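[1] Here you go, sequence then predicted model.
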Amino acid sequence: MTYNDRMTLLARIGFAARGLVYVLIGWFALDVAINGGQIKDNQGALGTLVNAPLGHILLAICALGFIGYAVWRLTEAITDPENRGRDVKGNFERAGYAVSGITHIMLAVAAARLAFKQAASQGGSPGDQSAESWSAWLLSQPGGVVLLIIVGLLFILVAVAQGHKAYKARFDELDNDVPAPDYVRWIGRLGYASRGLIFAVVGWFLISAALNNDADRAGGLGEALRQLRVQEGGATILAVVALGLGLFGLFSMIEARYRRIRVAKPGF
(Lines give C-alpha, C1' and ligand atoms only; values in the text may rest on other atoms or scores of the structure.)
Protein backbone atom coordinates (compact mmCIF):
# COMPACT_ATOMS: atom_id res chain seq x y z
CA MET A 1 0.00 0.00 0.00
CA THR A 2 1.46 3.37 -1.02
CA TYR A 3 1.68 6.48 1.17
CA ASN A 4 -1.26 8.03 -0.71
CA ASP A 5 -3.34 4.90 -0.20
CA ARG A 6 -2.62 4.84 3.54
CA MET A 7 -3.43 8.52 4.00
CA THR A 8 -6.60 8.23 1.92
CA LEU A 9 -7.75 5.24 3.98
CA LEU A 10 -7.10 7.06 7.26
CA ALA A 11 -8.94 10.14 6.02
CA ARG A 12 -11.93 7.99 5.04
CA ILE A 13 -11.96 6.30 8.46
CA GLY A 14 -11.86 9.80 9.94
CA PHE A 15 -14.91 10.89 7.96
CA ALA A 16 -16.72 7.73 9.11
CA ALA A 17 -15.75 8.36 12.74
CA ARG A 18 -16.92 11.97 12.52
CA GLY A 19 -20.16 10.73 11.01
CA LEU A 20 -20.71 8.27 13.85
CA VAL A 21 -20.16 10.97 16.47
CA TYR A 22 -22.59 13.39 14.83
CA VAL A 23 -25.24 10.70 14.43
CA LEU A 24 -24.92 9.99 18.17
CA ILE A 25 -25.06 13.70 19.02
CA GLY A 26 -28.17 14.12 16.90
CA TRP A 27 -29.80 11.05 18.44
CA PHE A 28 -29.15 12.16 22.02
CA ALA A 29 -30.24 15.74 21.29
CA LEU A 30 -33.45 14.50 19.71
CA ASP A 31 -34.11 12.34 22.77
CA VAL A 32 -33.58 15.40 25.00
CA ALA A 33 -35.97 17.44 22.84
CA ILE A 34 -38.66 14.78 23.24
CA ASN A 35 -38.05 13.38 26.72
CA GLY A 36 -35.71 15.86 28.43
CA GLY A 37 -32.45 14.90 30.08
CA GLN A 38 -28.77 15.71 29.62
CA ILE A 39 -27.37 16.89 26.31
CA LYS A 40 -24.09 15.38 25.11
CA ASP A 41 -21.43 16.99 22.95
CA ASN A 42 -18.90 15.20 20.73
CA GLN A 43 -16.72 13.97 23.60
CA GLY A 44 -19.80 13.01 25.58
CA ALA A 45 -21.09 11.03 22.61
CA LEU A 46 -17.77 9.19 22.41
CA GLY A 47 -18.13 8.33 26.10
CA THR A 48 -21.38 6.48 25.44
CA LEU A 49 -19.47 3.95 23.33
CA VAL A 50 -17.48 2.72 26.34
CA ASN A 51 -20.16 0.28 27.46
CA ALA A 52 -21.39 -0.60 23.96
CA PRO A 53 -20.62 -4.06 22.50
CA LEU A 54 -17.05 -3.91 21.17
CA GLY A 55 -17.09 -0.27 22.27
CA HIS A 56 -13.39 -0.09 23.11
CA ILE A 57 -12.45 -1.49 19.72
CA LEU A 58 -14.76 1.01 18.05
CA LEU A 59 -13.23 3.83 20.10
CA ALA A 60 -9.73 2.74 19.09
CA ILE A 61 -10.78 2.77 15.42
CA CYS A 62 -12.30 6.23 15.92
CA ALA A 63 -9.06 7.46 17.50
CA LEU A 64 -7.07 6.14 14.54
CA GLY A 65 -9.53 7.72 12.13
CA PHE A 66 -9.46 11.08 13.89
CA ILE A 67 -5.65 11.10 13.77
CA GLY A 68 -5.70 10.30 10.07
CA TYR A 69 -8.32 12.96 9.42
CA ALA A 70 -6.33 15.50 11.48
CA VAL A 71 -3.09 14.79 9.60
CA TRP A 72 -4.91 15.09 6.28
CA ARG A 73 -6.52 18.41 7.26
CA LEU A 74 -3.24 19.82 8.57
CA THR A 75 -1.39 18.85 5.40
CA GLU A 76 -4.20 20.50 3.42
CA ALA A 77 -3.64 23.67 5.44
CA ILE A 78 0.12 23.59 4.89
CA THR A 79 0.60 22.25 1.36
CA ASP A 80 -2.76 23.17 -0.26
CA PRO A 81 -3.11 20.06 -2.47
CA GLU A 82 -6.59 21.25 -3.56
CA ASN A 83 -5.19 24.59 -4.77
CA ARG A 84 -7.32 26.84 -2.57
CA GLY A 85 -4.78 29.59 -3.16
CA ARG A 86 -3.30 32.28 -0.94
CA ASP A 87 -5.88 35.01 -1.37
CA VAL A 88 -8.19 35.99 1.52
CA LYS A 89 -10.72 33.25 0.75
CA GLY A 90 -8.06 30.59 0.28
CA ASN A 91 -6.21 31.52 3.46
CA PHE A 92 -9.46 31.49 5.42
CA GLU A 93 -10.32 28.01 4.14
CA ARG A 94 -6.84 26.74 4.95
CA ALA A 95 -7.03 28.25 8.44
CA GLY A 96 -10.31 26.37 8.86
CA TYR A 97 -8.55 23.14 7.85
CA ALA A 98 -5.87 23.79 10.49
CA VAL A 99 -8.49 24.38 13.21
CA SER A 100 -10.32 21.23 12.11
CA GLY A 101 -7.08 19.28 12.31
CA ILE A 102 -6.32 20.48 15.84
CA THR A 103 -9.91 19.77 16.94
CA HIS A 104 -9.71 16.21 15.66
CA ILE A 105 -6.39 15.64 17.42
CA MET A 106 -8.23 16.49 20.65
CA LEU A 107 -11.02 14.08 19.72
CA ALA A 108 -8.45 11.39 18.92
CA VAL A 109 -6.88 11.82 22.37
CA ALA A 110 -10.31 11.64 24.03
CA ALA A 111 -11.25 8.50 22.07
CA ALA A 112 -7.90 6.84 22.80
CA ARG A 113 -8.16 7.54 26.53
CA LEU A 114 -11.63 6.04 26.60
CA ALA A 115 -10.54 3.06 24.52
CA PHE A 116 -7.74 2.25 26.96
CA LYS A 117 -9.86 3.02 30.04
CA GLN A 118 -7.72 5.98 31.04
CA ALA A 119 -10.77 8.17 31.51
CA ALA A 120 -14.21 7.67 32.98
CA SER A 121 -17.18 7.43 30.65
CA GLN A 122 -18.04 10.95 29.55
CA GLY A 123 -21.75 11.42 30.09
CA GLY A 124 -22.33 15.08 29.39
CA SER A 125 -20.54 17.95 27.69
CA PRO A 126 -16.83 17.98 28.63
CA GLY A 127 -16.24 20.29 25.69
CA ASP A 128 -18.03 23.07 27.59
CA GLN A 129 -15.56 22.84 30.47
CA SER A 130 -12.73 22.86 27.96
CA ALA A 131 -14.12 26.00 26.28
CA GLU A 132 -14.38 27.74 29.65
CA SER A 133 -10.83 26.72 30.59
CA TRP A 134 -9.09 27.96 27.47
CA SER A 135 -11.28 31.09 27.42
CA ALA A 136 -10.21 31.85 30.99
CA TRP A 137 -6.57 31.33 30.03
CA LEU A 138 -6.93 33.60 27.00
CA LEU A 139 -8.65 36.32 29.03
CA SER A 140 -5.74 36.27 31.48
CA GLN A 141 -3.27 37.14 28.71
CA PRO A 142 -2.40 40.68 27.59
CA GLY A 143 -5.06 41.74 25.10
CA GLY A 144 -7.02 38.61 25.94
CA VAL A 145 -10.41 40.28 25.58
CA VAL A 146 -9.65 41.31 22.01
CA LEU A 147 -8.18 37.91 21.19
CA LEU A 148 -11.26 36.08 22.50
CA ILE A 149 -13.53 38.39 20.50
CA ILE A 150 -11.48 37.56 17.40
CA VAL A 151 -11.87 33.83 18.10
CA GLY A 152 -15.62 34.33 18.52
CA LEU A 153 -15.81 36.24 15.24
CA LEU A 154 -13.88 33.45 13.51
CA PHE A 155 -16.49 30.96 14.72
CA ILE A 156 -19.20 33.20 13.30
CA LEU A 157 -17.33 33.48 10.00
CA VAL A 158 -17.11 29.68 9.89
CA ALA A 159 -20.87 29.58 10.58
CA VAL A 160 -21.44 31.90 7.62
CA ALA A 161 -19.24 29.68 5.44
CA GLN A 162 -21.20 26.60 6.55
CA GLY A 163 -24.46 28.39 5.80
CA HIS A 164 -23.16 29.42 2.37
CA LYS A 165 -22.21 25.82 1.65
CA ALA A 166 -25.68 24.71 2.74
CA TYR A 167 -27.27 27.31 0.47
CA LYS A 168 -25.15 26.51 -2.60
CA ALA A 169 -25.19 22.74 -1.99
CA ARG A 170 -22.57 22.19 -4.66
CA PHE A 171 -20.44 19.68 -2.76
CA ASP A 172 -18.09 19.43 -5.72
CA GLU A 173 -15.74 17.23 -3.68
CA LEU A 174 -18.27 14.38 -4.12
CA ASP A 175 -18.44 14.76 -7.90
CA ASN A 176 -16.51 12.26 -9.97
CA ASP A 177 -17.91 11.15 -13.31
CA VAL A 178 -21.43 12.30 -12.38
CA PRO A 179 -22.78 14.91 -9.93
CA ALA A 180 -23.93 13.81 -6.49
CA PRO A 181 -27.68 12.95 -6.43
CA ASP A 182 -30.10 15.62 -5.27
CA TYR A 183 -31.09 13.70 -2.15
CA VAL A 184 -27.43 13.51 -1.08
CA ARG A 185 -27.12 17.27 -1.59
CA TRP A 186 -30.21 17.84 0.57
CA ILE A 187 -28.70 15.69 3.32
CA GLY A 188 -25.55 17.81 3.16
CA ARG A 189 -27.53 21.04 2.92
CA LEU A 190 -29.57 20.37 6.06
CA GLY A 191 -26.54 19.03 7.90
CA TYR A 192 -24.35 22.03 7.15
CA ALA A 193 -27.16 24.46 8.02
CA SER A 194 -27.56 22.90 11.48
CA ARG A 195 -23.81 22.82 12.05
CA GLY A 196 -23.54 26.46 10.97
CA LEU A 197 -26.17 27.45 13.52
CA ILE A 198 -24.20 25.71 16.28
CA PHE A 199 -20.97 27.48 15.25
CA ALA A 200 -22.78 30.83 15.33
CA VAL A 201 -24.10 30.21 18.85
CA VAL A 202 -20.66 29.10 20.09
CA GLY A 203 -19.13 32.22 18.54
CA TRP A 204 -21.64 34.42 20.35
CA PHE A 205 -20.83 32.65 23.65
CA LEU A 206 -17.15 33.51 23.19
CA ILE A 207 -17.85 37.13 22.31
CA SER A 208 -20.17 37.44 25.33
CA ALA A 209 -17.49 35.91 27.56
CA ALA A 210 -14.98 38.45 26.26
CA LEU A 211 -17.26 41.48 26.56
CA ASN A 212 -18.20 40.53 30.13
CA ASN A 213 -14.70 39.27 31.02
CA ASP A 214 -16.37 36.10 32.28
CA ALA A 215 -15.09 32.77 30.96
CA ASP A 216 -18.12 30.99 32.44
CA ARG A 217 -20.17 32.47 29.59
CA ALA A 218 -18.12 30.47 27.07
CA GLY A 219 -19.42 27.13 25.89
CA GLY A 220 -19.17 24.48 23.25
CA LEU A 221 -21.55 22.34 21.29
CA GLY A 222 -23.35 21.00 24.35
CA GLU A 223 -24.05 24.46 25.76
CA ALA A 224 -25.22 25.66 22.34
CA LEU A 225 -27.76 22.84 22.19
CA ARG A 226 -28.92 23.58 25.74
CA GLN A 227 -29.36 27.25 24.84
CA LEU A 228 -31.59 26.28 21.92
CA ARG A 229 -33.64 24.05 24.24
CA VAL A 230 -34.49 26.88 26.67
CA GLN A 231 -35.85 29.20 23.98
CA GLU A 232 -39.58 29.58 23.39
CA GLY A 233 -40.52 26.56 21.32
CA GLY A 234 -37.10 25.17 22.22
CA ALA A 235 -38.12 21.52 22.05
CA THR A 236 -39.12 21.93 18.41
CA ILE A 237 -36.01 23.97 17.58
CA LEU A 238 -33.75 21.44 19.25
CA ALA A 239 -35.48 18.54 17.48
CA VAL A 240 -34.98 20.18 14.08
CA VAL A 241 -31.31 20.95 14.79
CA ALA A 242 -30.80 17.43 16.19
CA LEU A 243 -32.13 15.94 12.96
CA GLY A 244 -29.82 18.24 11.01
CA LEU A 245 -26.77 17.19 13.03
CA GLY A 246 -27.70 13.55 12.51
CA LEU A 247 -27.95 14.22 8.78
CA PHE A 248 -24.52 15.86 8.89
CA GLY A 249 -23.24 12.63 10.41
CA LEU A 250 -24.87 10.66 7.60
CA PHE A 251 -23.34 13.03 5.04
CA SER A 252 -19.91 12.48 6.62
CA MET A 253 -20.39 8.74 6.18
CA ILE A 254 -21.25 9.32 2.53
CA GLU A 255 -18.06 11.39 2.25
CA ALA A 256 -16.13 8.50 3.81
CA ARG A 257 -17.09 6.41 0.80
CA TYR A 258 -17.30 8.86 -2.09
CA ARG A 259 -15.33 12.02 -1.29
CA ARG A 260 -12.49 12.92 -3.60
CA ILE A 261 -9.38 13.07 -1.40
CA ARG A 262 -6.14 14.64 -2.52
CA VAL A 263 -3.06 13.81 -0.47
CA ALA A 264 0.15 15.81 -0.34
CA LYS A 265 3.36 14.01 -1.16
CA PRO A 266 5.46 12.83 1.82
CA GLY A 267 8.19 15.17 2.89
CA PHE A 268 6.17 18.38 2.72
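    Great, that's in hand.
[2] ok, residues contacting stretch 146-153?
    Ser135, Leu138, Leu139, Gln141, Gly203, Trp204, Phe205, Leu206, Ile207, Ala209, Ala210, Leu211 (Cβ atoms under 8 Å, 6 or more residues apart in numbering). (Glycine included, C-beta is placed from N, CA and C.)
[3] Mind checking what secondary structure the closest residue to the fifth one other than its chain neighbours has?
    By the measure of Cβ to Cβ, 6 or more residues apart in numbering, the closest residue to Gly203 outside its immediate chain neighbours is Phe155, 3.2 Å from it. The three-state assignment at Phe155 reads helix, by DSSP: H, G, I helix; E, B strand; the rest coil.
[4] For Phe155, give its distance to Val202.
    5 Å (Cβ to Cβ, to the nearest Å).
[5] Settle it for me: which of those two has more neighbours?
    Remark: of Phe155 and Val202, Val202 carries more neighbours, 26 against 21, as counted by other Cβ atoms under 10 Å.
[6] Secondary structure element holding that one?
    Per DSSP states H and E, Val202 falls inside helix 182-211.
[7] which other helices and strands contact that helix?
    Contact here means 3 or more Cβ pairs under 8 Å, 6 or more residues apart in numbering; DSSP states H and E; on that basis helix 182-211 packs against helix 126-139, helix 144-168, helix 221-229, helix 234-258.
[8] Flag every buried residue along it.
    Using 16 or more other Cβ atoms under 10 Å as the test for burial, helix 182-211 gives 184-185, 187-210.
[9] what about the closest residue to Trp27 other than its chain neighbours, how many neighbours?
    Spatial nearest neighbour of Trp27, excluding adjacent residues (Cβ to Cβ, 6+ apart): Gly246 at 6.4 Å. Other residues lying near Gly246 total 24 when counted by other Cβ under 10 Å.
[10] what's the angle between the helix holding Val202 and helix 144-168?
    160 degrees (axes from the mean of the first three to the mean of the last three Cα atoms, to 10 degrees).
[11] relative to helix 234-258, how tilted is helix 182-211?
    Angle of helix 182-211 versus helix 234-258, following the same axes, to 10 degrees, is 120 degrees.
[12] Centre of the chain to helix 182-211, how far?
    Computed by Cα atoms, centre = their mean, to the nearest Å, the chain-centroid distance of helix 182-211 equals 10 Å.
[13] can you state the direction angle for it and helix 126-139?
    Helix 182-211 and helix 126-139 meet at an angle of 40 degrees, taking the same axes, to 10 degrees as the criterion.
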